[in-house]
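> below are the sequence and a predicted model; questions follow.
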Amino acid sequence: MQVYRRMDVGTAKPTPAEQAEVPHHLVDLADPDESFTVRRFQRAFDEAMRDIEARGKRAVLVGGTGLYLRAAIDGLSMPPQFPDVKAELELEADTAALHARLRELDPVGAGRMEPTNRRRIVRALEVTLGSGRPFSSHGPGLDVHPPTRFRLVGVWLPRAVVAHRIEQRVSAMLAAGWLDEVRALAARPTGLSLTARQALGYRELLAHLEDGVAFDEAVARIVTRTRAFSRRQRMWFRRDPRIRWYGAAGNPVDLLPALLGDLAGCRS
């Protein structure tokens, strides 16, 4: 979600000072009313890597959005888009009903995604209905982990530590003006795209501002949803045998010497 301009506090986007100290790429690529796609991210990634390597530099990829990471490092083949089909699917408000429909048309594809992940479900149905082929038939799927020129490392923290850090981070972002940021975004004439509105925390704060959900309840939902997301991240990345894991008892910064030593031994 850091690809969206003006979505700064709630995405923990690098500050202007941090970006001035170390060049950052693939941030602020789109306005919040745009529907940003994996394919668009993939193209931007390829362009950035060509530029970085042409200058004799090396990139460090940091993030936790598994599908976008796989699209970048594995060059996943993105199925075509069918905007009319997608628009019709978006009229169905019941995500569970959409998942049930996908399960009938493409049980393999439906089994690969959370039944609450509306964006992925709509995308899978869009491709299945638009192309006449199951979504899962487009490419080898995410269960295949081919050789890659990138060195992959992961940071492992105890679940209790992760839960505490999530609570601290949410509190810090709210103190930094997150609610005001969401209020300003909602007041824009063009509003936010469906993709941007589903971002962690933004959806809950929008529910507070637009639907009258109590602020404390919205914050509690942010923490709960973020914890659930972190558990899915853990499961997603644990399936990738290419990742070399490093564990820390508390502060992940303690792993920096080991991580830098590992990265120093790779060419990309």
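Good, I have the coordinates.
> so the nearest residue to Q19 once chain neighbours are set aside is in which element?
Leaving aside its chain neighbours, Q19 sits nearest to V27 (7.6 Å; criterion: C-beta to C-beta, 6 or more residues apart in numbering). C-beta: built from backbone N, CA, C; applies to glycine. For V27, there is no enclosing helix or strand under DSSP states H and E.
> V27 contacts V3, doesn't it?
Yes: using C-beta atoms under 8 Å, V27 makes contact with V3 at a distance of 6.7 Å.
> more neighbours: which of the two?
Taking neighbours as other C-beta atoms under 10 Å, V27 and V3 compare with V3 leading, 21 against 15.
> tell me how many other residues surround the residue lying closest to H208 once chain neighbours are set aside.
Spatially, and ignoring its direct neighbours in sequence, H208 is nearest to A218 (4.0 Å; C-beta to C-beta, 6+ apart). For A218, the neighbour count with other C-beta under 10 Å is 19.
> could you do T95 as well?
Neighbourhood size, T95 [other C-beta under 10 Å]: 16.
> again with R188
Neighbourhood size, R188 [other C-beta under 10 Å]: 12.
> ok, now which ones touch it?
Residues near R188 by C-beta atoms under 8 Å, 6 or more residues apart in numbering: 32-33.
> who does the helix ranked longest in the chain touch, helix- and strand-wise?
Taking DSSP state H as the criterion, the chain has its longest helix at helix 215-238. For helix 215-238, the elements it packs on are helix 66-74, helix 159-175, helix 202-211, judged by 3 or more C-beta pairs under 8 Å, 6 or more residues apart in numbering; DSSP states H and E.
> quick one: the residue nearest to H208 and E204 touch, right?
Yes: taking contacts as C-beta under 8 Å, A218 lies within contact range of E204: 4.5 Å.
> for the residue nearest to Q19, give me its contacts.
2-3, 13-14, 19.
> at 7 Å instead, please
2-3, 13-14 (C-beta atoms under 7 Å, 6 or more residues apart in numbering).
> distance of it from R118?
Note on V27: its distance to R118, by C-beta to C-beta, to the nearest Å, is 25 Å.
> ok, the residue nearest in space to the middle of the chain to R151 distance?
Residue closest to the mean C-alpha point of the chain, counted by C-alpha atoms, centre = their mean, is T65 at 3.4 Å. From T65 across to R151, the span is 19 Å (C-beta to C-beta).
> do the same with E167
E167 sits 32 Å away from R151, going by C-beta to C-beta.
> host element of V153?
Using DSSP H and E, V153 falls in strand 152-156.
> which residues touch that strand?
With contacts defined as C-beta under 7 Å, 6+ apart, strand 152-156 is touched by 237, 240, 242-248, 252, 255, 259, 262.
> take the residues you listed and keep only those in helices.
Counting by DSSP H, those place 237, 259, 262 in helices.
> report the buried members of those residues.
237, 259 (16 or more other C-beta atoms under 10 Å).
> neighbours of E126, how many?
Neighbour tally, E126, other C-beta under 10 Å: 23.
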